[in-house]
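3D model of this:
(chains A, B and C)
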Amino acid sequence: MASVGEPVLEVRDLVKHFPLNQGILFKKQIGAIKAVDGVSFDLHKGETLGIVGESGCGKSTLAKVLMALERPTSGSVKIGGRDIAKARGGELKTMRRNIQMVMQDPYTSLNPRMTVGDIIGEPYEIHTEVAPKGDRRKKVQELLDVVGLNPDHINRYPHQFSGGQRQRIGIARGLALQPEIIVCDEPVSALDVSIQAQVINLLERLQDEFGLAYIFIAHDLSVVRHISDRVGVMYLGKFVELGKDAEIYERPAHPYTQALLSAVPVPDPEGRERRERIILQGDPPSPANPPSGCRFRTRCWKAQEICAQEEPLLQIRPGTAHLSACHFAETHDVVHAG
Amino acid sequence: MSNPTPPVGPGLPETQTMVSDTVPAPAPVREGKHAKKGGKPASLWTDAWYDLRRRPMFIISVVIVAVLLVMSIWPSLFSSIDPFNARSCDLATARQGPSAGHLFGRDNLGCDLYARTVYGARNSIVIGVLTTLFTTVVGGLLGIVAGYRGGVVDTVASRLTEVFFAIPSILGALLIAATFRGKANSILLVILALSVLGWPMVYRIMRAAVITAKGQDFVIAAKALGAGSGRIMFRHLLPNSVAPVIVVATINLGTFIAAEAALSFLGVGVQSPDISWGLMIADARNRFLEAPLPLVIPAVFLSITVLAFIMMGDAVRDALDPKLR
Amino acid sequence: MKKTSADVLPAEGGLGDAPLLAVDNLHVEFHTRAGVVRAVNGVSYTVGPGETLAVLGESGSGKSVTAQAIMGILDMPPAVIPQGEIRFKGTDLLKLSEHDRTQVRGQRIAMIFQDALSALNPVFTVGWQISEMFRVHRGMSKSDAMKKAVELMDRVRIPAAKQRVHDYPHQFSGGMRQRIMIAMSIALDPEVLIADEPTTALDVTVQAQIMELLAELQRESQMGLILITHDLGVVADVADKIAVMYGGRIVENAPVYDIYRAPAHPYTKGLLDSIPRVDQKGHELYAIKGLPPNLLDLPTGCAFHPRCPFRQENCVTDAPPLYEISGTRGSACHYWREVLDGERR
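Okay, the predicted model is just below:
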């Protein structure tokens, strides 16, 4: 599926630290929340990269930095060879045409005081060069049709639609400028189960139709597996494992990935007593003060001395075919075990 | 189980009044605009206007406000007697009750009460409306900018409002009006004094509403589209923060008219021979028990005016919220 | 001397043939300005000691409203219960006085919620809130109650309970707050625990911890557990039997293995086909078309008919009863045989 060629997005050593300040008048930095701490990956045309991780792992901050809504502390985000993290003013605005987003909450991501036509048409008002004024209404109606909504509903307000329909409106807004990349931040987690499938199918259809590349951020590992070509697993601001979906799900090498996968409930009671379950103890440490060496070592059953001293790099380990960041990486199929 | 009261009802209707997905809907919901498919695109303001025209509350209040405005612009349309003409008053008939030529009777100086009330509308309304307009625009604009920008702009503006808040308002207005008394038109002076002390209230409300609104996802979405500050402030933040400001502005309008009365009563507001409702109430106060009408009539007019503006503000606020339509 | 629940209800233990808790033909309506919202339309289910019943449904299916009716925490009005019974050990809770009801609520039947942060009071320490259960209901002294609170926090495996008992809710992580909620709910050894989406707001590794904790507590105390959820995976992991709700009715009930092997209602079947799975890479997902029903204006006949691939003419006019498939299984579909055979038109 993933076409090889020029990547549409190149992320290198991306770091985003939020300073922790003390004092009211004379602020003194006393530390930093290391939300994203050295993330690198490529995204190719028409490909979906899934990013999974638990709350606080930095996946939403990563999305904001990719969208240039936050400036990174260091590192680069290159779209078509140009670094969006360093772009300013008109250049940044032009670059935004190539990367758009779909947000999690369909109830707050649409301005309640704008009609659907205004919401989906806003990209054209901001980027006036994309569509001449007379064409905009027609374009908006085409977009409504593309995402499976009635084009006659252009004058309705967001509250007159259901959650799933609102999410379609948000997707139409993201498509308006015909971007190459769409960052989806938990696009279905706020929807009912029977509606999730509709939206996932829509996203897949649009990808085929327009050759979109997705960054698909979610905490639901089943959804990510379904839609992704490659998957990155994040823990405390870093990728602990990155590879093709089959590699990650059937041959996970990092203990954290294994624990995560084993915890996902499978909708099938057969053999549930025999299923292997790795229950992690405690909560993830604070990203303001991550453990030395390997960040997962405080919850890891394989941890040895070296894990505290030496940070494991994200690299291909012996016996595996994808990148993982564990000194003791070893593939182990947890989802089909038992 | 110390407080197990989760939301029960609200979750329900929200998800229920929906049209069906993918299939063209049989439209159980009312069309946002006047159901003219293919007509010109609806916007918040055109929809609000369409909605307002069908609200009885709004119509009644608009009629009252319109009558009052006409009254303050062309008072002679309403009264054949010119109260500024000294010959229209006759001390011998002071405090006379209503009679054929004098609908409300006469005041303490024997002047026609009806004519004075009609002519008094102008100053009261001009002061109320202009002061409200001025404080809302200044306080509102500053509030949007400070709320959206935050940082130094916000700190400076907020400290400044605190200084103004620290001044007791009537005392402050008294001070300003007394200091510049005679140097400017007394009505302008009243507007100035009330405006200088009135805008921080609007500022605070606007700023708080903007700060709440700017964290919402749709603002982030607009930024991701490349929207500039102006668009974010006026297309996204303003419509979503203006409701409480409208409510406060209409309440303020009443307060300003009342404050004008207080200042006039204290002798630093509108000066005789000019007429205002506040001045009339002040003049009638001493003889209220003998002759209640000279006080009651302007007071009733004042109340109706304030009520009409508040009703109008309420209707506008509701019309600007599509969810209530 | 305060009247205890023992005066109102049969003593713990002696149950005879009656199930621990039985909901029988329950109806709940909300009288709103927009009209009558029929949230629950004739729901019946039972749960026995040590048994886990999963109530599965989407938002607006009536699963939470049913639970709130059992707890007696519906706001009435606008809620009205026009008919139905909720029998706890044979006693109809709906016929009890408010005072007697209070003796059941929290003591014999307890509930935990999805959002533990808003269910805890932010201005009291967690120790105070847990020990309040003992002070109010058991008349314990402050220090004794606090000791019990520490014990409970240990029991739900909150590390360093002795120190943390003096912390405030916001100082705990989401998973720990849910443990505190669980500690409060089991404080008085309830016989039935209702868990309303207890892990929906939590991360998957924490979700696994909480579900394990609930299962363990249930094994120890033989509580009846009603697990309300929309997550088919969680249900498959822990439930003994399932009631699937749609449009305020139970459309299918069955032992857990039967329903996943071969669903007998088109809605259940659609749901099972529409979820992606972590252990398989499928192709296109089956999507149930359309939207959940409007409870203000339920479809005629079977509420699912506008979305149903098995629909026949009589589905539009005749509401299907809950057909008995076997002694333990029922389906509210006229064509449950076809659904069981798995043929979708």
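
Pull the number of nearby residues for the one residue in the stretch 151-300 of chain C that gets nearest to chain B.
Closest contact between the stretch 151-300 of chain C and chain B, by Cβ to the nearest Cβ, is at C:N294 (4.6 Å). In short, each C-beta sits where N, CA and C put it, glycine included. Neighbours of C:N294 under the rule other Cβ atoms under 10 Å in any protein chain shown: 20.

what's whatever residue of the stretch 101-250 of chain C ends up closest to chain A in contact with, if anything?
Residue nearest to chain A within the stretch 101-250 of chain C (Cβ to the nearest Cβ): C:G233, separated by 3.0 Å. Applying Cβ atoms under 8 Å, 6 or more residues apart in numbering or on different chains to C:G233 gives the contacts A:222, A:264-267, C:275.

Repeat that for A:R230.
A:2, A:47-50, A:242-245.

Could you check the pLDDT of it?
On the pLDDT scale, A:R230 is placed at 94.

beta partners of it?
For A:R230, the beta-bridge partners are A:L49, A:K244 (DSSP bridges).

So it versus A:G80, what's the distance?
Using Cβ to Cβ, to the nearest Å, A:R230 is found at 20 Å from A:G80.

so the closest residue to A:A259 other than its chain neighbours is in which element?
Using Cβ to Cβ, 6 or more residues apart in numbering or on different chains and skipping residues adjacent in sequence, the residue nearest A:A259 is A:I278, 4.3 Å away. A:I278 belongs to no helix or strand when elements are defined using DSSP states H and E.

My understanding was that A:I278 contacts A:V264; is that so?
No - A:I278 is not in contact with A:V264 according to Cβ atoms under 8 Å; the separation is 11.2 Å.

Just want to know which of those two has more residues nearby.
Looking at A:I278 and A:V264 with other Cβ under 10 Å, you find the greater number of neighbours at A:V264, namely 23 against 17.

Which pLDDT value goes with residue 17?
In the absence of a named chain, this looks at chain A. 90.

could you do chain B instead?
pLDDT, B:T17: 35.

Residues of the stretch 151-300 of chain A that sit close to chain B?
By Cβ under 8 Å from any Cβ of the partner chain, the residues of the stretch 151-300 of chain A that approach chain B are A:152-157, A:159-165, A:170, A:173, A:177, A:195, A:198.

Go back to the residues you listed and keep what's next to chain C.
The subset of those within reach of chain C, by Cβ under 8 Å from any Cβ, is A:162, A:164, A:195, A:198.

Look up the closest residue to the last one, ignoring the ones flanking it.
The shortest distance from A:Q198 to any non-neighbouring residue, by Cβ to Cβ, 6+ apart, is to C:A287 (4.4 Å).

residues contacting that neighbour?
Residues near C:A287 by Cβ under 8 Å, 6+ apart: A:194, A:197-198, A:201, C:274.

Phi, psi for it please.
Backbone torsions for C:A287, taken as degrees, to the nearest 10, come to phi -120, psi 120.

Repeat that for A:K45.
According to degrees, to the nearest 10, A:K45 has phi -60, psi 130.
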